[in-house]
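Participant: Please work out how this folds:
(4 chains, ligands or ions: 2)
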Amino acid sequence: MSDTYTLYNETVMEHFMNPRNMGDLKDADGIGEVGAAACGDIMKISLKIKDGKIEDARFKTFGCGSAIASSSMATELIKGRSIAEAMTFSNQEVVNALGGLPPVKIHCSVLAEEALKAALEDYLAKHPELAVKTEAVLSK
Amino acid sequence: MSDTYTLYNETVMEHFMNPRNMGDLKDADGIGEVGAAACGDIMKISLKIKDGKIEDARFKTFGCGSAIASSSMATELIKGRSIAEAMTFSNQEVVNALGGLPPVKIHCSVLAEEALKAALEDYLAKHPELAVKTEAVLSK
Amino acid sequence: MRRVYLDHQSTTPVSPEVFEAMTPYFLEAFGNPSSLHQHGLRVRDAMAKARQQCAALINAESPEDIIFTSDGTESSNLAIKGVAYANQRKGTHLVVCETEHPSVINSIEFLEKQGFTCTRVKVDPEGMINPEDVRAAITDKTILIAVHHANHDIGTIQPVKEIGKIAGEKGIAFYVDCEASAGWLPIDVQSWGAQLVSFSPHRFYGPKGVGVLYRSRRARLVSILHGGVQEGGRRSGTENVPAIVGGGLASEIALREMPKWIEHTGKLQKRLWDGLKKEITYIKLNGPEPGPKRITTNLNLSTEFIEGEGQLLLCDMNGIAVASGSSCVSKSLKISHVLAAIGLDHALAQGNIIMSLGKDNTEEDVDYTVETFVKIVHKLRGMSPMWDEFERGILDSVIAPTGRGKSFSQHAADISGKAAH
Amino acid sequence: MRRVYLDHQSTTPVSPEVFEAMTPYFLEAFGNPSSLHQHGLRVRDAMAKARQQCAALINAESPEDIIFTSDGTESSNLAIKGVAYANQRKGTHLVVCETEHPSVINSIEFLEKQGFTCTRVKVDPEGMINPEDVRAAITDKTILIAVHHANHDIGTIQPVKEIGKIAGEKGIAFYVDCEASAGWLPIDVQSWGAQLVSFSPHRFYGPKGVGVLYRSRRARLVSILHGGVQEGGRRSGTENVPAIVGGGLASEIALREMPKWIEHTGKLQKRLWDGLKKEITYIKLNGPEPGPKRITTNLNLSTEFIEGEGQLLLCDMNGIAVASGSSCVSKSLKISHVLAAIGLDHALAQGNIIMSLGKDNTEEDVDYTVETFVKIVHKLRGMSPMWDEFERGILDSVIAPTGRGKSFSQHAADISGKAAH
Ligand SMILES: Cc1ncc(COP(=O)(O)O)c(C=O)c1O
Ligand SMILES: Cc1ncc(COP(=O)(O)O)c(C=O)c1O
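Facilitator: Ligands and ions are numbered 1, 2, ... in the order given. The predicted structure is shown next:
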């Protein structure tokens, strides 16, 4: 790659070119689809959740290179976390894990956070008993 | 000269580099010294006049290249002319003989015309009888 | 990997012949044209020649009508503001086409803050302006009409001759921005009745760092960069001599080669669009079909259900250089105002890229591009939730509606109404 | 014939090293920095490096403070108008030194037509501004103080640090035009407290076609050329990449070589002035004596009883390139406003030429110049009616009055009162 100039850093490019967890989950337990008014990007995250833990995550993204990389990274980071942990997930984690994003592209990582949270809310809406428990954990 | 670039055409440069009739005339019959308010140039023309004809002319000039070339050319052109002819001398003759001057430098040729006329007037002031005769010729 | 440069509308390489002609003006003939000695006089001669070459490209009455600036943007600014300031006693109203380049539009916005007014004439769905709409926009306070020749974004060729006639009848100065057409379409300022025309040699194998503004002696113009008396007092500042020399030669070459270049890029343009449209579903060409209404260098494409930057990046990773959105403002997030003006659906505007052809592109380049682009679209659609939802009948296509599902825009509004920032 | 270039203040040749560094950016790395693909990204990297190199030359806080323009004139215009427009709600008064370059003076005249006001602070007979006069000129409506570093005409080095202190106390933006000093004198925007500084690489062996404006983030500035979002939106238009790259490297080299260049030109400056003054009577140096108050590159000379253009032409015909009058405006007939400001007698202003030294001049160059110039003065005085009249006691000298005869000015007024047009 040394002779190649890239708009984003190597990690971002790598996730854009070879996105992890791309696709949909059959029988997903929670699905979130969100859009960014500013740039028109749309991101969808599906989660498989078992015993309060995110077992698997998938994304589909209509958006720029950093949006795709952000969703790839977000799904990668979130796997194995508990619902409570996932609820505190912040876009900054995506930015850090990607080794930074250009200032005008930070909103892509925000979109990933939002898609994840939408998927979790979708799951919790179907499991109100867990919602209460999660809130209890979060407010500790 | 082919490798040399010049601000003025070759004729002008030639007259600037090797001015004709440069100097003063001992016992001049008429001397004119004029100045241009616009650029500060000063030009002095001395004439030797015999039998109503300009026998010799000399100039001294404080001024730019085209002022020096204009006075050189003007003195050259005027030699041998009658006073009446000389009184109708115009700067355009200088410009033409020099093969043209840049627009901002036309006033140099005007200065030469003025210096010549001042010298003629100086002469005629000393010879009022000729002044009348000359006017008669000019008004024909 | 094959390398295919398809961004000629952004800029072109300097041709070796032009570069060679420029070289002496860096090292030996380095003088300042304002200097009265050998070094200055020598470069004055060179500039005079370049002025003739530039004048010839656009059939200007005289080389004296050519003003050298630093680039197309400065030329636009000088044309718009220079005419406006020079004529403000006469009137303060301007008429422009709404799809002008930002250098025109933003110059006008600046003037509007200072009390000028402007009518932005609308275009049709192909980006074409109607001369009668220009006529209707004129008031007795109008001092300038500005319409570009070819559109920088969607390649539409405007009816400048007809508009020039109207401007002439009304005695109003007419400015034609030829940045996107010079070198690629014949320009004739005299038969157009244009008093101001701008172009940039870097768009046709000349160097960056020089722009050209033609100004007929019939048009009043004041300078906008103040200082010394360079360019007859109309553009102050030490002249970029090597670029001016190079720009002159590039203009001469373009004038000579133009018929060949037009034929060549026209063929490739057709081959490229035919190939893409055959292999890819739900793809749309923005602006007129290849033919007399469209410049031969430009294809502006919207591929549905996927976004533009991703297409661009994958093209680039496969050696193909293309542009996304408005070619000169690609750092901004906003969608091109040209695409908005032709009423393009927001979803299609987002999936927009521009491929622009040049004299050195080949049929192989085109075929490789088609082949690669097909794979790219496939890959990105595979990642796109919109494509999935379209296939499942939840969303409908804008390009070829099936009658099933809601519109992309509706869907986007629904979900981004939620929590998007 | 020996060739001696003594017009380094007008421009310098591009150094071979700089030209070599620029070369790839014409032919291979020809991309538009706004492009998102390889070609664009590669030149972005190159521009980032140039930005650092330019920042280092003037000790800027950050490369982000560097704005690339097309030349010194544009930089001056942007500094003056950009700050004025950005702050017009706060105030509309500017303070400048009366001996600024025309690009500053004329920008201000333009603003005055739009309602701004300006105080032009006077200089002393050496061309030096008194910081206390600047302080006295400040009102509560003052939004900008502009003072050049070294004077382009007479080489005076201004007390910019002291003025910067005053500007800082009052919280007013301070612009220093360093066109005539950059590369030849150390510049430290931070210790000066300057928020705006301009310079041009073509004055120190870099290319034409690029100007630099430093703008501290503490200063508000709006753009004056409107269009795309290049240079962070502060300067629209396709960037002249090769010139920017060359300008960066020229800045790096200048920073490194400056001590040597200063020492070298300082020695030659002294030798040249000593030689001329020894061999030629009635010659005067305008501006301060060589030393800490004068830049080492510049000698501004008035030779009495003869006029400047003739001196220049004869120098040129003998291989010596010098400037006459204000170096950037030599096409105009008018006498430099700088010479008028220092109160130079009209006769001496007319006999004015500028010799400016560079790193490649030698002692032999200097000696040849002295020898040749002596002959030239002799030749022109032989043609001059003033010299003759001086010798005959009709006129007196301004430089070394004898007490005999009337002044040149009196004489000129007497005779041109006559019939001069
Ligand atoms: C002090 C000063 N400022 C500004 C300028 C203008 O620079 P440029 O001619 O590069 O536009 C000059 C040019 O001589 C100058 O000497
Ligand atoms: C139609 C049009 N006008 C003006 C410009 C501005 O030209 P430049 O970027 O050379 O300043 C462009 C640049 O793309 C353009 O396409």
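Participant: in terms of contact, does A:R81 touch A:G52 like I think?
Facilitator: No - counting by CB atoms under 8 Å, A:G52 is not a contact partner of A:R81; they are 9.9 Å apart. Quick note: C-beta positions are derived from backbone N, CA and C, even for glycine.
Participant: nearest residue to whichever residue of chain A sits closest to ligand 1 other than its sequence neighbours?
Facilitator: In chain A, the residue that lies nearest ligand 1 is A:Y5 (31.6 Å; CB to the nearest ligand atom). In space, and not counting its chain neighbours, A:Y5 is closest to D:L41: 3.5 Å by CB to CB, 6 or more residues apart in numbering or on different chains.
Participant: Equivalent analysis for C:I376, please.
Facilitator: Looking at C:I376 with CB to CB, 6+ apart, the closest residue is C:L314, at 4.4 Å.
Participant: Could you count how many residues lie near C:L301?
Facilitator: By other CB atoms under 10 Å in any protein chain shown, 23 other residues sit near C:L301.
Participant: Given whichever strand or helix holds it, what are its sheet partners and their directions?
Facilitator: C:L301 is part of strand C:298-303 when elements are defined by DSSP states H and E. Applying DSSP bridges, strand C:298-303 is found paired with strand C:283-286 (antiparallel), strand C:352-356 (antiparallel).
Participant: What mean pLDDT does the shortest one get?
Facilitator: Strand C:283-286 shows a mean pLDDT of 98.
Participant: Next up, the contacts around the residue nearest to C:I376.
Facilitator: Contact partners of C:L314, counting by CB atoms under 8 Å, 6 or more residues apart in numbering or on different chains, are C:I376, C:K379, C:L380.
Participant: quick one, what contacts C:V147?
Facilitator: Contacts of C:V147 (CB under 8 Å, 6+ apart): C:V96, C:C97, C:E100, C:I129, C:V134, C:Q158, C:V160, C:I163, C:F174, C:Y175, C:V176, C:D177.
Participant: Just read off the phi/psi values of the nearest residue to it once chain neighbours are set aside.
Facilitator: Excluding the flanking residues, the one nearest C:V147 by CB to CB, 6+ apart is C:C97, at 4.6 Å. Taking degrees, to the nearest 10, you get phi -80, psi 140 for the backbone angles of C:C97.
Participant: For C:C97, give me its contacts.
Facilitator: Going by CB under 8 Å, 6+ apart, C:C97 touches C:R120, C:V121, C:V123, C:I129, C:A146, C:V147, C:H148, C:Q158.
Participant: average pLDDT for the longest helix seen in chain A?
Facilitator: For chain A, the longest helix by residue count, based on DSSP state H, is helix A:106-126. Mean pLDDT, helix A:106-126: 95.
Participant: Now do the buried residues in the helix or strand following that helix.
Facilitator: Downstream of helix A:106-126, the next assigned helix or strand under DSSP H and E is helix A:128-138. Residues of helix A:128-138 classed as buried: A:L130, A:A131, A:T134 (neighbour count, 16 or more other CB atoms under 10 Å in any protein chain shown).
Participant: got it, and stretch C:75-87?
Facilitator: Neighbour counts using 16+ other CB under 10 Å place C:75-87 of stretch C:75-87 among the buried residues.
Participant: which one of the residues you listed sits closest to C:A341?
Facilitator: Nearest to C:A341 among these, counting by CB to CB, is C:S76 at 17.8 Å.
Participant: In contact with residue 65, which residues?
Facilitator: Picked chain A for this. If you count contacts by CB under 8 Å, 6+ apart, A:G65 has them with A:L7, A:Y8, A:V12, A:M13, A:F16, C:E309, C:G310, C:L313.
Participant: wrong one, I was asking about chain C
Facilitator: Going by CB under 8 Å, 6+ apart, C:D65 touches C:A55, C:Y214, C:R215, C:S216, C:R217.
Participant: Could you list which of the residues you listed belong to helices?
Facilitator: Within these, residues falling in helices by DSSP H are C:A55.
Participant: Inside strands: which ones of the contacts of C:D65?
Facilitator: Taking DSSP state E as the definition of strands, these contribute C:Y214, C:R215.
Participant: so can I have a markdown table of the contacts of C:D65 showing pLDDT, distance to ligand 2 and neighbour count?
Facilitator: Formatted as a markdown table, the contacts of C:D65 follow (pLDDT from 0 to 100; distance: CB to the nearest ligand atom, whole Å; neighbours: other CB atoms under 10 Å in any protein chain shown):
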| residue | pLDDT | distance to ligand 2 | neighbour count |
| --- | --- | --- | --- |
| C:A55 | 98 | 19 | 21 |
| C:Y214 | 98 | 14 | 28 |
| C:R215 | 98 | 16 | 28 |
| C:S216 | 97 | 19 | 19 |
| C:R217 | 95 | 24 | 11 |
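Participant: Spatially, which two of the contacts of C:V147 are the most separated?
Facilitator: Across these, the longest distance by CB to CB is 14.8 Å; it joins C:V134 and C:D177.
Participant: Which one's more surrounded, the two?
Facilitator: C:D177 (31 against 26).
Participant: what helix or strand is the nearest residue to that one once chain neighbours are set aside on?
Facilitator: In space, and not counting its chain neighbours, C:D177 is closest to C:H148: 4.1 Å by CB to CB, 6+ apart. Here C:H148, judged by DSSP H and E, is contained in no helix and no strand.
Participant: Contacts only, for the closest residue to ligand 2 within chain C.
Facilitator: The minimum distance from chain C to ligand 2, using CB to the nearest ligand atom, falls at C:G72 (2.4 Å). Contact analysis of C:G72 by CB under 8 Å, 6+ apart lists C:H101, C:S103, C:D177, C:E179, C:S198, C:F199, C:S200, C:R203, C:G211, D:G237, D:T238.
Participant: Let me see the ranges of the helices in the stretch 51-200 of chain C.
Facilitator: C:72-86, C:102-113, C:131-137, C:160-170, C:189-192 (DSSP state H, counting those that start in this stretch).
Participant: Then chain A?
Facilitator: Assigned by DSSP H, the helices in chain A fall at A:10-17, A:65-78, A:83-87, A:91-97, A:106-126, A:128-138.
Participant: Tell me which of the ones you listed is the most buried.
Facilitator: Each of those was scored by mean neighbour count; the highest is helix A:65-78, a mean of 27, by mean count of other CB atoms under 10 Å in any protein chain shown.
Participant: what separates that helix from the chain centre, distance-wise?
Facilitator: Helix A:65-78 has its C-alpha centroid displaced from the chain centroid by 6 Å (CA atoms, centre = their mean, to the nearest Å).
Participant: Quick one: work out the angle between that helix and helix A:106-126.
Facilitator: Angle, helix A:65-78 to helix A:106-126, by axes from the mean of the first three to the mean of the last three CA atoms, to 10 degrees: 40 degrees.
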